[in-house]
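# Pasting the sequence and the predicted coordinates here, then a few questions.
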Amino acid sequence: MSSAYRPLLAIVLLVVSTWALSTQEASGKWVMQMGLPLFVVMFVRYAVHVVLVLTITLPKMGTRVFRSHHYAMQIIRGSTSLFAILTIFMALSYLPQAETTAIFFLAPLLVLCIAPWFLAEPSRWYRWLAAFVGFVGVMVIVRPSAGLHPVGVIYALIGACVIAVQFLCTRKLAVDHSMTTLLWTGLVGLLGGLILIPFKWHEGVAVLSDFAPWQWLLLFNIGICGTFGHLLQIKAYQHAPASLLAPFNYLQILSAAVLGLLIWGDFPDAWAWLGILIVCASGIVVTIVEWRNNQGVKKLVQGMIEGK
């Protein structure tokens, strides 16, 4: 059976990936609260990423995994990915995890708006409306009475914009093997980590020298969960189209809220949940509208409902 006819498996893989990525972010927030500098966290995260991807791909693909049709675009995408991760962890150092994750979900809406200029896709009014509604949802989340740190909000908004650019670069690299793109993301991130880590090397060594085994495990877990989260996403999208899976990405907000509650006792209030629901609804509704224009996806979902 073709992988395109396994939507239930794709949904399960994607849901697990949302938990893995939320665990990555929670682990990074936690170790930074222990005093470990962000640049050290980034270096370890990408070092683990590269080791895991090479371990998985070299036996099957050999050195072909390094080959790209667009090396410059791989470097650009890797750089935006590095900057996105930096802004995510900077935002998390100021904000609760659920609210931070919700703000980052502006990125898919931004992609829909700017795609006509970068990807030669048609401009549609409902995409702009969805982006506006999503931004209203973010404004509800970050309202003054919420008490969220403005610096953290700024980092989160910048991060959403950077992630949108990363998505567009990924679309440009569709001709490359997905594992090639994943590897180059790690290689560029590792190079960035090597450049940045000297600025915090002595501070990082001092903190790491006092780390207990469980803290080391937590540190390495950032790279492990981040890498496998993206691997699971790749596998999910091999079994079902993006337009079908897109709504399930928003479950990452729920996993972020659960982890925030369990680790820090943070949980969004009623107004924050209202804003989160507005962001999610705007993304899901625009996905459904796009989906109705895609007959292939409609047939796929109909087959899933009928148990075919």
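Looks like it arrived, so ask away.
# what sits against the nearest residue to A240 once chain neighbours are set aside?
In this structure, A240 finds its nearest non-sequential neighbour in A10, 3.6 Å apart by Cβ to Cβ, 6 or more residues apart in numbering. (Each C-beta comes from the backbone N, C-alpha and C, glycine too.) Each residue near A10 by Cβ atoms under 8 Å, 6 or more residues apart in numbering is listed here: K235, A236, Y237, Q238, H239, A240, L244, L245.
# repeat that with 7 Å
If you count contacts by Cβ atoms under 7 Å, 6 or more residues apart in numbering, A10 has them with A236, H239, A240, L245.
# and it, what element?
For A10, the element it lies in under DSSP states H and E is helix 7-33.
# Buried residues, that helix. List them.
Residues of helix 7-33 classed as buried: 7, 10-11, 13-32 (neighbour count, 16 or more other Cβ atoms under 10 Å).
# Likewise for stretch 189-209?
Within stretch 189-209, the residues scored as buried using 16+ other Cβ under 10 Å are G189, L190, G192, G193, L196, I197, K200, G204, V207, L208.
# what's the nearest residue to the first one if we skip its chain neighbours?
Once its chain neighbours are removed from consideration, G189 has its nearest residue in Y46; the separation is 3.7 Å (Cβ to Cβ, 6+ apart).
# Now name the helix or strand holding the one you found.
For Y46, the host element (DSSP H and E) is helix 38-61.
# For that helix, name the packing helices and strands.
In this structure, helix 38-61 packs against helix 7-33, helix 71-92, helix 178-196, helix 213-239, with contacts taken as 3 or more Cβ pairs under 7 Å, 6 or more residues apart in numbering; DSSP states H and E.
# so F220 makes contact with V48?
Yes. The pair F220 / V48 is scored as a contact, 5.8 Å apart, by Cβ atoms under 7 Å.
# Quick check on these two: which one has the bigger neighbour count.
Comparing F220 with V48 by other Cβ atoms under 10 Å, the one with more neighbours is V48, at 21 against 15.
# neighbours around I76, how many?
17.
# just P241 next, same as before
17.
# what pLDDT does it get?
pLDDT, P241: 73.
# again, but for the one 5 residues further on
The predicted local confidence for A246 comes out at a pLDDT of 76.
# Any regions of the stretch 51-200 of the chain where pLDDT drops low?
When residues are selected by pLDDT under 70, those of the stretch 51-200 of the chain lie in 119-122.
# how about T57, what does it touch?
V65, M179, L183.
# wait, I meant L109
Contacts of L109 (Cβ under 7 Å, 6+ apart): A130, A131, G134, S282, G283.
# quick one: which of those residues has the most company?
In these, the most neighbours by other Cβ under 10 Å go to G134, 28 neighbours.
# show me the residues around that one that make contact.
L106, L109, V279, S282, G283.
# Look up how far A281 lies from it.
For G134, the distance to A281 equals 9 Å [Cβ to Cβ, to the nearest Å].
# Same question for G152.
Applying Cβ to Cβ, the value for G152 to A281 is 24 Å.
# between those two, who's got more neighbours?
G152 (20 against 15).
# Dihedrals phi and psi, the more buried one?
phi -60, psi -40 (degrees, to the nearest 10).
# For the contacts of T57, give me JSON lines that also has neighbour count and distance to Q252.
Listed next are the contacts of T57 as JSON lines, based on neighbours: other Cβ atoms under 10 Å; distance: Cβ to Cβ, whole Å:
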{"residue": "V65", "neighbour count": "19", "distance to Q252": "27"}
{"residue": "M179", "neighbour count": "17", "distance to Q252": "22"}
{"residue": "L183", "neighbour count": "25", "distance to Q252": "24"}
